[in-house]
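Undergrad: Sequence first, predicted model second:
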Amino acid sequence: MKSRFLNKKSLIILAAIMLLIFLHLLGYLSPAERLVVRSVNSLGSFFHSLSIKVNESFKPLPDKKTLEEELQEMKSKYTQALTDQAKCEEVYRENEELQDYLNFYLEHEYTYVMAEITSKENLLTAGSRESSIFLNKGESDGIEKDMAVINSDGVVVGKIIKVSVDNSQACLSIDEDCKLAASIISESQTLGIVSGNLGLTISMDFIPQNHELKEGDLVISSGLEENIPPGLLIGTVSRINKQNNEIWQQAILEPLYDIDKLRIVSVVKP
Amino acid sequence: MSKYFKIIAQLLLWFFLVIFQISFISSLNFPFYNLPLLLSALSFLIIFKKDNQAIWLVFLVGFIFDIFFFYPFALFTLSLVVCFGILKFLQVNFLTNRSFYSVLALSLFFILVFNLVFNLFYFILNLTSAEINFFLFQATFWQDLAYQLFFAFILEVIFFYAISLKSRGLRSDFLERT
């Protein structure tokens, strides 16, 4: 029996889809849409957390040698951090005195919107288009496009790329389409754009050859983007690709967050 | 009354399944985020349910995805409806029995066609974007698709034999040896 399915019914279905699109564009579907998004948000964060626990339970345990090496590395980093802290305190004291002299008051106060991750960009379809996360907060909570997203340690994990009333999408800094205006804290004070590199690291390209960089240099937001305040930590320089016969050099940055453990993030409101 | 209760229960079940796919499965590590639980269940439903019931659920699932994600509105719904039409055409004209092989072939084809149709629509809608690459030339597309089909195969086996234990509507036939 041949089906006539592709005739009258298909026209009705197409008409229904067009009507849906039309109603959506006019905004008549927004109450239903908000209800659906809120329902998904409420359960989505729970399932996302459950998924993270499942991932962690299947991770292989590190061996003793690896743990010992990591412990030594952490100890030396801690010592270095104490040294840096001492230097910073000296600079801070000096800065306070200078501010008193100049009668100049500087205070950065950011407001944050905390949000839970409800989904990642691994959808029904094959072929990952971008590394991004979905948050359960949106315009109604004060979130706007291009705001920075940070984790509990204050490290930038990405920025908001799309917003609706009750949810938003943020690209991760390891995604090659996610670009952030950054500055490398070094003698040269290099300014540039960082973007993701193969979904694993971050890179800053087109750095002039005469800029001196070294591994471990901190990379922060430069403040040149309207919705991202300066001084937010993005990563540290882990490798420098410098060839004498090239015009530019490239810095590979290590992101300071683990994407697999992200559950709650904050959106920084400038 | 029980009929309406059944309908509401089914709608809630599918809603739960959608959230499970969006939030739990998508957050799993590679390659498990390719588990096409929702698509496999949907293809199963399309094969065995009446057209009117199946199309409503296709609309519901597509609508939820269209609302939640930031793709062009109705992209998911349109893709699912096109796949529904193709699946029905194949089922009515070629794979008319409900044997295991027919169900498996139809389901795998549904997932394959959905991936192609969705990505094609997305590519067409983003032709003006300089950053878009044609999906057929991306290795990740084929890799993820292979995993999806592999997981779909396992899921369909589970669905088919689980339901055949309860229902007489399925014939778990195998090809006869000649």
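TA: All right, it came through fine. Numbers count the residues shown, from 1 in each chain, chains lettered A, B, ... in the order given.

Undergrad: Specify the residue ranges that define each domain of chain A.
TA: A:10-57, A:69-107, A:111-270 (automatic domain parsing).

Undergrad: Tell me who's in contact with residue A:213.
TA: Residue A:213 is in contact with A:184, A:186, A:188, A:190, A:207, A:237, A:240, A:249, A:251, counting by C-beta atoms under 8 Å, 6 or more residues apart in numbering or on different chains. Quick note: C-beta positions are derived from backbone N, CA and C, even for glycine.

Undergrad: Of all residues in chain B, which one is nearest the centre?
TA: Nearest residue to the geometric centre of chain B (C-alpha atoms, centre = their mean): residue B:39, 2.3 Å.

Undergrad: show me the contacts for that residue.
TA: Residue B:39 neighbours (C-beta under 8 Å, 6+ apart): A:124, B:110-111, B:114, B:148, B:152.

Undergrad: what do you get for residue A:111?
TA: A:268-269.

Undergrad: for residue A:241, which residues make a bridge with it?
TA: For residue A:241, the beta-bridge partners are residue A:250 (DSSP bridges).

Undergrad: Relative to residue B:95, which of the domains of chain A is closest?
TA: domain A:10-57 (20.1 Å; C-beta to C-beta).

Undergrad: So for that closest one, first residue to last residue, what's the gap.
TA: Domain A:10-57 has an end-to-end distance of 47 Å (C-alpha to C-alpha, to the nearest Å).

Undergrad: you'd agree residue B:151 is in a strand?
TA: No. Residue B:151: not assigned to a strand; according to DSSP: H, G, I helix; E, B strand; the rest coil it is helix.

Undergrad: List phi and psi for residue 72.
TA: Let's take chain A. Torsion angles at residue A:72 (phi, psi; degrees, to the nearest 10) stand at phi -60, psi -40.

Undergrad: try again with chain B
TA: Dihedral angles for residue B:72 - degrees, to the nearest 10 - are phi -50, psi 130.

Undergrad: Make sure it is actually in contact with residue B:125.
TA: Yes. Residue B:72 lies in contact with residue B:125 (C-beta atoms under 8 Å); the separation is 5.2 Å.

Undergrad: got TSV for the domains of chain A, with distance to residue B:166 too?
TA: Output for those, formatted as TSV (distance: least, C-beta to C-beta, whole Å):
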stretch	distance to residue B:166
domain A:10-57	27
domain A:69-107	52
domain A:111-270	27
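
Undergrad: quick one: secondary structure of the most centrally placed residue in chain A?
TA: What sits nearest the mean C-alpha location of chain A, by C-alpha atoms, centre = their mean, is residue A:158, with 1.6 Å. Put simply, residue A:158 is strand when judged by three-state DSSP.

Undergrad: Same question for the one 4 residues further on.
TA: For residue A:162, the reduced secondary structure class is strand; criterion used: three-state DSSP.

Undergrad: Distance of residue B:106 relative to chain A?
TA: 14 Å (C-beta to the nearest C-beta, to the nearest Å).

Undergrad: what stretches of chain B score poorly on pLDDT?
TA: Filtered on pLDDT under 70, chain B yields the residue ranges B:1, B:98, B:129-132, B:167-178.

Undergrad: So what touches stretch A:261-270?
TA: A:45, A:48-49, A:52, A:56, A:110-117, A:133, A:135, A:137, A:142-143, A:147-152, A:157, A:160, A:168, A:170, A:226-229, A:232.

Undergrad: among the domains of chain A, which is the most enclosed?
TA: Highest mean neighbour count of the domains of chain A: domain A:111-270, a mean of 19 (counted as mean count of other C-beta atoms under 10 Å in any protein chain shown).

Undergrad: and residue B:91, what helix or strand is that in?
TA: With secondary structure defined by DSSP states H and E, residue B:91 is part of helix B:75-93.

Undergrad: cool, and residue A:266?
TA: strand A:264-269.

Undergrad: Just give the strands next to that strand in its sheet, each with its orientation.
TA: In the sheet, strand A:264-269 lines up against strand A:111-120 (antiparallel), strand A:148-150 (antiparallel) (DSSP bridges).

Undergrad: now the helices for chain A?
TA: Along chain A, counting by DSSP state H, helices occupy A:8-26, A:30-57, A:64-102.

Undergrad: export the ones you listed to CSV and tack on distance to chain B and mean pLDDT?
TA: Shown next, in CSV, are the helices of chain A (distance: least, C-beta to the nearest C-beta, whole Å; pLDDT from 0 to 100):
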stretch, distance to chain B, mean pLDDT
helix A:8-26, 5, 85
helix A:30-57, 4, 89
helix A:64-102, 20, 77
